[in-house]
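Participant: I'll drop the sequence and a predicted model, then ask my questions.
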Amino acid sequence: MKATIIGLGLIGGSMALDIQRLYENVLIIGIDSNEDHLNEAISLGLIHRKGNLKDDLDGDFVILAVPVDVALLLLPKILDNIAENTIVIDVGSTKKPICEVVENHPKRSNFLATHPIAGTEFSGPNAAIENLFEDKVNILCEIERTSYKKQEKALELFRKLNMRIRYMEPKSHDKHIAYVSHLSHISSFMLGKTVIEKEKDEKDIFDMAGSGFESTVRLAKSSPAMWTPIFRQNKKQIVKSLEEYIANLSTFKSFLESDDYEAIFNEMKNTNRIKEILK
Ligand SMILES: O=C(O)C(=O)C[C@]1(C(=O)O)C=C[C@@H](O)C=C1
């Protein structure tokens, strides 16, 4: 079993670890533009050897786990050179642009667009962990455009990883993910910024930060190199979600200014429904 992992960050590295654990006689080849990451991936045991985009597109799987802007550039070239029986699986956080870029590619049926809803705020090969995908949702887009044999191969991998599969249209994926993932990150980044700016005048502010602040601001530790292209590709949906979020913040502020504590209580009471949604 041969798998080529392109992009040896948290997701690519974790995938490499799990494929080694779940299959027999595995050869994992790593490709990354960052030479330090490649060396780190070898010393961490994530990959067996370095590869390249000419000679290593002929295994069972090619996993494309690079930032979403790089994925758009690489995927058509990868498909140009892919071996007949090899499936390319992308794992990026936006799905419409990547599906569009290969829409009319003659090797479209070698590709499957996926989004594993798994991750942490950390990045790079060092952040890779075993079992990251266990019991996590994996959103698959336009699976009918992937050849049947290759669908089976991918689904077997996701079964072995014990993932929960959902099927979605790329547009619908990008719309919903703008709210539950992309907006969460922006909100955390801007909360972090607000508190850091205050800290300039009040040195003690972080001494007062408890686990509430820490859990809310966790995502602000995420990689700007990964998130900037995501925000760019999903700009339209994110702007819409931000408008709704800003309106809710403004409403809360006006309730407070007008001492409308009943309204504030009700806003929070209604939102407590999140306890049932995210059990
Ligand atoms: O939990 C985190 O730290 C994540 O950032 C994971 C998260 C998310 O927003 O849920 C981030 C991006 C991925 O596309 C999928 C999952």
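Facilitator: Looks like it came in fine. Keep in mind that this is a model prediction, so the values were computed, not measured.

Participant: surely residue 232 meets residue 67?
Facilitator: No. Checked against CB atoms under 8 Å, the pair residue 232 and residue 67 is beyond contact range at 10.5 Å. C-beta here means a position set from N, CA and C on the backbone, and glycine is covered the same way.

Participant: looking at these two, which is more packed in?
Facilitator: residue 67 (19 against 13; other CB atoms under 10 Å).

Participant: and the gap between that one and residue 32?
Facilitator: As judged by CB to CB, to the nearest Å, residue 67 and residue 32 stand 12 Å apart.

Participant: residues shared between the contacts of the two?
Facilitator: Contact criterion CB atoms under 8 Å, 6 or more residues apart in numbering; residues shared by residue 67 and residue 32: residue 7.

Participant: now the most centrally placed residue in the chain, what's its secondary structure?
Facilitator: In the chain, the centroid-proximal residue (CA atoms, centre = their mean) is residue 93; its distance is 4.3 Å. Following DSSP: H, G, I helix; E, B strand; the rest coil, the label given to residue 93 is coil.

Participant: likewise for residue 47?
Facilitator: coil.

Participant: just checking, it touches residue 37?
Facilitator: No. Between residue 47 and residue 37 there is no contact under CB under 8 Å: 10.2 Å.

Participant: of those two, which one has the most company?
Facilitator: residue 47 (27 against 20).

Participant: the ligand versus that one, what's the distance?
Facilitator: 22 Å (CB to the nearest ligand atom, to the nearest Å).

Participant: residues contacting that residue?
Facilitator: Shown here is residue 47, whose contacts under the criterion CB under 8 Å, 6+ apart are 5, 8, 16, 28, 29, 30, 38, 41.

Participant: then residue 199?
Facilitator: Counting by CB under 8 Å, 6+ apart, residue 199 makes contact with 205, 206.

Participant: that older thread, so what's the residue nearest to the centre of the chain closest to, chain neighbours aside?
Facilitator: residue 230 (5.0 Å; CB to CB, 6 or more residues apart in numbering).

Participant: quick one: that neighbour and residue 155, what's the gap?
Facilitator: Distance of residue 230 to residue 155, given as CB to CB: 26 Å.

Participant: over to residue 269?
Facilitator: Taken as CB to CB, the span from residue 269 to residue 155 is 42 Å.

Participant: and the two? Which one has more around it.
Facilitator: residue 155 (16 against 9).

Participant: what's whichever strand or helix holds that one packed up against?
Facilitator: Per DSSP states H and E, residue 155 falls inside helix 148-160. Helix 148-160 sits against helix 10-22, strand 61-64, strand 87-90, strand 111-116, with contacts defined as 3 or more CB pairs under 8 Å, 6 or more residues apart in numbering; DSSP states H and E.

Participant: neighbouring contacts of it?
Facilitator: 18-19, 22-23, 60-61, 85, 87, 89, 109-110, 112, 114, 138, 140, 143, 146, 165.

Participant: specify the angle between it and helix 10-22 in degrees.
Facilitator: Interaxial angle, helix 148-160 versus helix 10-22 (axes from the mean of the first three to the mean of the last three CA atoms, to 10 degrees): 90 degrees.

Participant: if anything else comes up later, I'll come back, but that's it for now.
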